[in-house]
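Participant: A structural model of the following input is requested.
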Amino acid sequence: FNAVGTQSAVLAGFAMTSFAEIDLPHNAFYAQKACLHLFVTISICANLLCTASTTFVSVWGSGKALRGKDGSMDKAVDGM
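Facilitator: Reported below is the predicted structural model:
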(Lines give C-alpha, C1' and ligand atoms only; values in the text may rest on other atoms or scores of the structure.)
Protein backbone atom coordinates (compact mmCIF):
# COMPACT_ATOMS: atom_id res chain seq x y z
CA PHE A 1 0.00 0.00 0.00
CA ASN A 2 2.84 2.39 0.64
CA ALA A 3 3.99 2.23 -2.98
CA VAL A 4 0.49 3.01 -4.27
CA GLY A 5 0.10 5.92 -1.86
CA THR A 6 3.48 7.34 -2.79
CA GLN A 7 2.79 7.10 -6.51
CA SER A 8 -0.60 8.76 -6.16
CA ALA A 9 0.92 11.57 -4.10
CA VAL A 10 3.54 12.18 -6.81
CA LEU A 11 0.88 12.15 -9.52
CA ALA A 12 -1.25 14.57 -7.49
CA GLY A 13 1.75 16.90 -7.36
CA PHE A 14 2.17 16.68 -11.12
CA ALA A 15 -1.53 17.40 -11.63
CA MET A 16 -1.37 20.38 -9.29
CA THR A 17 1.65 21.73 -11.16
CA SER A 18 -0.13 21.36 -14.49
CA PHE A 19 -3.14 23.16 -13.03
CA ALA A 20 -1.01 26.10 -11.93
CA GLU A 21 1.59 26.29 -14.70
CA ILE A 22 -0.14 25.43 -17.99
CA ASP A 23 -1.37 28.47 -19.85
CA LEU A 24 -3.69 28.00 -22.77
CA PRO A 25 -3.59 30.53 -25.59
CA HIS A 26 -6.01 33.41 -25.27
CA ASN A 27 -7.79 32.39 -28.46
CA ALA A 28 -8.56 28.88 -27.11
CA PHE A 29 -12.19 27.91 -26.94
CA TYR A 30 -13.99 28.11 -23.63
CA ALA A 31 -14.83 24.39 -23.83
CA GLN A 32 -11.13 23.52 -24.09
CA LYS A 33 -10.30 25.50 -20.98
CA ALA A 34 -13.27 24.04 -19.12
CA CYS A 35 -12.27 20.47 -20.06
CA LEU A 36 -8.68 21.04 -18.98
CA HIS A 37 -9.72 22.41 -15.60
CA LEU A 38 -12.34 19.70 -15.12
CA PHE A 39 -10.00 16.80 -15.85
CA VAL A 40 -7.13 18.23 -13.81
CA THR A 41 -9.50 18.72 -10.87
CA ILE A 42 -10.78 15.15 -11.20
CA SER A 43 -7.19 13.90 -11.35
CA ILE A 44 -6.18 15.79 -8.21
CA CYS A 45 -9.24 14.57 -6.29
CA ALA A 46 -8.76 10.94 -7.35
CA ASN A 47 -5.08 10.98 -6.41
CA LEU A 48 -5.74 12.56 -3.02
CA LEU A 49 -8.51 10.03 -2.35
CA CYS A 50 -6.13 7.20 -3.20
CA THR A 51 -3.42 8.65 -0.95
CA ALA A 52 -5.84 9.08 1.95
CA SER A 53 -7.29 5.59 1.52
CA THR A 54 -3.92 3.87 1.49
CA THR A 55 -2.83 5.87 4.54
CA PHE A 56 -5.96 4.87 6.45
CA VAL A 57 -5.55 1.20 5.53
CA SER A 58 -1.89 1.20 6.54
CA VAL A 59 -2.51 2.89 9.89
CA TRP A 60 -5.80 1.33 10.92
CA GLY A 61 -5.03 -2.15 9.55
CA SER A 62 -1.83 -2.53 11.52
CA GLY A 63 -3.50 -1.01 14.60
CA LYS A 64 -6.35 -3.50 14.39
CA ALA A 65 -3.94 -6.38 13.92
CA LEU A 66 -1.91 -5.37 17.00
CA ARG A 67 -4.65 -4.24 19.39
CA GLY A 68 -7.79 -6.03 18.18
CA LYS A 69 -9.71 -8.96 19.57
CA ASP A 70 -8.80 -12.57 18.91
CA GLY A 71 -8.83 -13.24 15.18
CA SER A 72 -8.38 -9.60 14.27
CA MET A 73 -4.96 -10.34 12.80
CA ASP A 74 -6.55 -12.57 10.17
CA LYS A 75 -9.22 -9.96 9.37
CA ALA A 76 -6.63 -7.17 9.06
CA VAL A 77 -4.39 -9.24 6.77
CA ASP A 78 -7.34 -10.32 4.61
CA GLY A 79 -8.55 -6.72 4.35
CA MET A 80 -5.14 -5.38 3.45
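Participant: for F29, see how far away the most centrally placed residue in the chain is.
Facilitator: The residue at the geometric middle of the chain, judged as the C-alpha nearest the mean C-alpha position with CA atoms, centre = their mean, is N47 (2.5 Å). Remark: distance between N47 and F29 (CB to CB, to the nearest Å) = 27 Å. Backbone N, C-alpha and C define where each C-beta goes, glycine included.
Participant: hang on, the earlier thing: grab the nearest non-local neighbour of the residue nearest to the centre of the chain.
Facilitator: Of all residues beyond its chain neighbours, the one nearest N47 is A12 (3.5 Å), with distances taken as CB to CB, 6 or more residues apart in numbering.
Participant: next, count neighbours for that neighbour.
Facilitator: A count of neighbours around A12, defined by other CB atoms under 10 Å, yields 19.
Participant: residue farthest from the centroid of this protein?
Facilitator: Centroid-distance maximum for the chain: N27 at 33.3 Å, with CA atoms, centre = their mean.
Participant: before we move on, what SS does that residue have?
Facilitator: For N27, the assignment made with DSSP: H, G, I helix; E, B strand; the rest coil gives coil.
Participant: circling back: list the contacts for the residue nearest to N47?
Facilitator: Contacts for A12 (CB atoms under 8 Å, 6 or more residues apart in numbering) come out as 43-44, 47-48, 51.
Participant: tabulate those in TSV, adding columns for distance to A3, pLDDT and secondary structure.
Facilitator: Written out in TSV, the entries for those read as follows (distance: CB to CB, whole Å; pLDDT from 0 to 100; DSSP: H, G, I helix; E, B strand; the rest coil):
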residue	distance to A3	pLDDT	secondary structure
S43	19	93	helix
I44	20	92	helix
N47	14	92	helix
L48	17	92	helix
T51	12	91	helix
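Participant: could you give the mean pLDDT of the helix or strand hosting Q7?
Facilitator: Using DSSP states H and E, Q7 falls within helix 2-21. Here the mean pLDDT over helix 2-21 is 87, rounded to a whole number.
Participant: can you list the buried residues in that helix?
Facilitator: Going by neighbour count (16 or more other CB atoms under 10 Å), the buried part of helix 2-21 is 5, 8, 11-12, 15.
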